[in-house]
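> Task: produce atomic coordinates for the following.
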Amino acid sequence: MKKIYSLFIITIALLFSCVKNANDNSDKYAESDAVFIKLIKEYTLKGDGTIYYNYTHRLKYQSYNSFNRYFGETFVVYNPNFQELKINKCETTQSKGNLVISPSNAFNTVLPSFADKAPAYNHLREMVITHTGLELGSIVDLNYELKTKAGYWPELMGNEELQSNMPYKSLSIIVKVPANKELKYELLNSDVKPKVSTSGNEKKYEWDFEDVKGISMDRQTSVSSIPRLLFSTFNGIADASKYFEKLPILAKSISDEIKAKAIELTANSKTNLEKALAIQHFVANDFNYWPIPFVQTGFRCRPVEEIWKSAGGNALEKTVLMNALLTSLGIESAPVAILPAYYPKEMANLMCFNEFVVQIKTPENELYYLSTIHDDKNDASFSIPDKFIFGLTDNTNKIVAIAALENKIAYKSEMAINALKEIDGNSEIILSNYFNPYFKLQSNAEEANHLLPKATDAKIEQLSKNIAWISGQIKKAKFDKIEANYFFLTLPLYSEGINSSNLSVLPTGRPTVLEFPCTINESYSYSIKLPTNLKLVSQPVNVKEENKLGKVEIKISIENGVVIVERKLQLSKSKIDIADYEMFRKIMVLWNVNKYKELVFKE
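You can find the predicted model right below:
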């Protein structure tokens, strides 16, 4: 009898194990906070233009963070005027098998936080789904459907990131379209092929991914390196131009109130560029920004007069307003979209249209791109290399790549320390393109004093969009620190260079691609003449690290009472692949050695 009982217990345990493996199968990711055992996103475009989005997930909670910080709630934003949300299933299976079905008060409709100060978008809603009965080892099954009325979206489009901070045991993206409708798609950073089938009047595309690892979203992670699926039923990029033509992006007429404001803002401006910057400052700082995603507007834009009267707008609307203010002054301008580096040139996918700027053309035929969200220090195109520009109103149907230019910092100083331990001398700095604060220097020459550490009476020797050359004098500067008979001098470095990236501490490995806003070319040259009563304690240095990503060189020497220091850093790529990270780290570790940034003297 005991043997039969034991066999019964073992059988039950095995059966339970099999059921667990069939429904869970997440042990491979036991160290993750949570794991998506299953995630399915299904898009269906009907023949009448109605769009259905069906979302299903089975999520296992494996840490307190998973329900206290990450997945205690699910949020679904929608427009009730055009969209209908239906929650079909929301239940929690606890670790001991207890089933907790979410009560009615677990579903609460609120105003999305990004619309709380935007009266024009107060009709938007966000369903907050609170998952109940959560504990370590619990599993939540969620399924909901979002129905979008025909005409709210011009076409079916998607921009799906296929990797997140949590792993997917199974991930499926399904797209169904009428059989006579062509689906344009592009799968990036993955080799998975779609399963394509036709049933009746419907064509189905399905991408299945297994065991997708979670990634840590480290600082400056390149979004272009993340696996991504883009799809659209637009025929091509020309359709995007036709669609924007239908939107009230260009004002048919501009009110006297807007014209008067443009004149008021530019009363003290002389050139067209100065006028454009004055208007940019107003739109960016004094006109409310509402961070409403383009998709949540139904890919629409309000007319200029409506934007103006509401005293606020989203990224596109602020761009439309700024363009109207400029054109009212006779300045040649146009609204443009900045598309990400991963954007497929032949596809029209409005899901990727989230960043907008204004292009202006000066009488000298110089082009500038200006943000409407913040003041720019120079042409905005310098900070978005490898991305694309798409004119919303030029009808050329062209996506133009933004060329990457060399960005240079070259600092030089000649100093002398007198018997009173005061530092005198001269210094200069050359800044090009991305590093050049052209707009600030043009409007206020006093800004030059902030660019030369320890220097005063800075003078602008040369200034253009591409280069700024500034010189200054060092007068009776002090040592940074004095301890007993030791004197410490920190070598001046330009604060907006590589040091602004906060990469002084680098881990031994990195799971994501590292991206900078531009390539780096920094050089610093110092000569310091010493008095007879002061000696250099710092040891002579001649070190170098060079590989395919770039190089770093540091030299410290003394000859005939003059200390010579050379520091050079070059990074030829703005994106550091995972495989190349260790080479990058070797360069930066050497650059960041503190004893090479400071000189120590002894009396």
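
> Please count neighbours and contacts with C-alpha atoms only from this point.
OK.

> Helix, strand or coil: sort out Ala120 for me.
On the three-state scheme (DSSP: H, G, I helix; E, B strand; the rest coil), Ala120 is labelled helix.

> could you measure it against Val283, distance?
Applying CA to CA, to the nearest Å, the value for Ala120 to Val283 is 18 Å.

> Look at those two and report which has more neighbours.
Ranked by neighbour count (other CA atoms under 10 Å), Ala120 and Val283 place Val283 first, with 25 against 15.

> Give me the three-state assignment for that one.
Three-state call for Val283 (three-state DSSP): helix.

> Now do the contacts for it.
Lys318, Leu321, Met322, Thr372, Ile373 (CA atoms under 8 Å, 6 or more residues apart in numbering).

> can you tell me which two in those are farthest apart?
Pairwise distances across those (CA to CA) peak at 12.1 Å, for the pair Leu321 and Ile373.

> which one of those two has more residues nearby?
Comparing Leu321 with Ile373 by neighbour count (other CA under 10 Å), the higher total belongs to Leu321, at 28 against 23.

> Wasn't that one part of a strand?
No: counting by three-state DSSP, Leu321 is not part of a strand but helix.

> Skip the chain neighbours and tell me the closest residue to it.
Val304 (5.8 Å; CA to CA, 6 or more residues apart in numbering).

> Spit out the contact partners of the one you found.
Applying CA under 8 Å, 6+ apart, we find Val304 in contact with Pro248, Ile249, Ala251, Ile254, Glu317, Val320, Leu321, Ala324.

> The fourth one contacts Ala324, correct?
Yes: Ile254 is in contact with Ala324 according to CA atoms under 8 Å; the separation is 7.2 Å.

> Between those two, tell me which one has more neighbours.
Between Ile254 and Ala324, Ala324 has the larger neighbour count (other CA under 10 Å), namely 28 against 15.

> Pretty sure the more buried one sits in a helix.
Yes: when classified by three-state DSSP, Ala324 is found to be part of a helix.

> distance of it from Lys309?
As judged by CA to CA, Ala324 and Lys309 stand 14 Å apart.

> Then Val110?
From Val110 to Lys309 the distance is 26 Å (CA to CA).

> which one of the two has more residues nearby?
Val110 (13 against 9).

> What residues does that one make contact with?
Val110 makes contact with Arg125, Glu126, Met127, Val128, according to CA under 8 Å, 6+ apart.

> Specify the local secondary structure of the third one.
Just to be clear, that refers to Met127. Following three-state DSSP, Met127 is assigned to strand.

> same question, Ser95
coil.

> Let me know the pLDDT of it.
Predicted confidence (pLDDT) for Ser95: 95.

> Quickly list what Leu99 is bridged to.
Bridge pairing for Leu99 (DSSP bridges) gives the partners Thr93.

> Would you map the strands across the stretch 1-150 of the chain?
34-45, 51-61, 73-78, 83-93, 99-101, 107-110, 125-130, 139-148 (DSSP state E, counting those that start in this stretch).

> elements contacting the longest one?
Translated: strand 34-45. strand 51-61, strand 168-178 (3 or more CA pairs under 8 Å, 6 or more residues apart in numbering; DSSP states H and E).

> quick one: strands adjacent to that strand?
strand 51-61 (antiparallel), strand 168-178 (parallel).

> Give me the angle between the first one and strand 83-93.
Strand 51-61 runs at 20 degrees relative to strand 83-93, counting by axes from the mean of the first three to the mean of the last three CA atoms, to 10 degrees.

> How about the last one?
Going by the same axes, to 10 degrees, strand 168-178 is angled at 150 degrees with respect to strand 83-93.

> So what touches strand 168-178?
25-26, 35-47, 183, 201-214.

> Same check on the first one?
By CA under 8 Å, 6+ apart, the residues outside strand 51-61 that reach it are 24, 26, 33-45, 67, 134-150, 156.

> I'd like the distance from it to the chain centre, please.
26 Å (CA atoms, centre = their mean, to the nearest Å).

> ok, now the last one?
For strand 168-178, the separation from the chain centroid amounts to 26 Å (computed by CA atoms, centre = their mean).

> Return the following helix or strand past it as CSV; C-alpha atoms alone will do.
Where DSSP states H and E defines the elements, the next helix or strand beyond strand 168-178 is strand 184-188. Output of strand 184-188 as CSV, limited to C-alpha atoms (Å, rounded to 0.1, in the frame of the first residue of the first chain):
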residue,chain,number,x,y,z
LYS,A,184,5.4,46.8,-47.0
TYR,A,185,7.6,45.5,-44.1
GLU,A,186,11.2,45.7,-42.9
LEU,A,187,12.7,43.5,-40.2
LEU,A,188,15.9,45.0,-38.7
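
> Just the buried residues of strand 184-188, please?
Neighbour counts over strand 184-188 (16 or more other CA atoms under 10 Å) mark Lys184, Tyr185, Leu187, Leu188 as buried.

> ditto for stretch 499-510
Buried, per 16+ other CA under 10 Å, within stretch 499-510: Arg510.

> Pull up the distance across it, start to finish.
When the termini of stretch 499-510 are compared using CA to CA, they are 19 Å apart.

> Ok, stretch 161-172 next?
Length of stretch 161-172, first residue to last, CA to CA: 12 Å.

> what's the spacing between that stretch and its chain's center?
Put simply, stretch 161-172 sits 20 Å off its chain's centre (CA atoms, centre = their mean).

> circling back: min pLDDT across the contacts of Val304, which one?
Least confident entry in the contacts of Val304, by pLDDT: Ala251, with 86.

> There's contact between that residue and Ala324 in this structure, I believe.
Yes: assessed by CA under 8 Å, Ala251 is found in contact with Ala324 at 6.7 Å.
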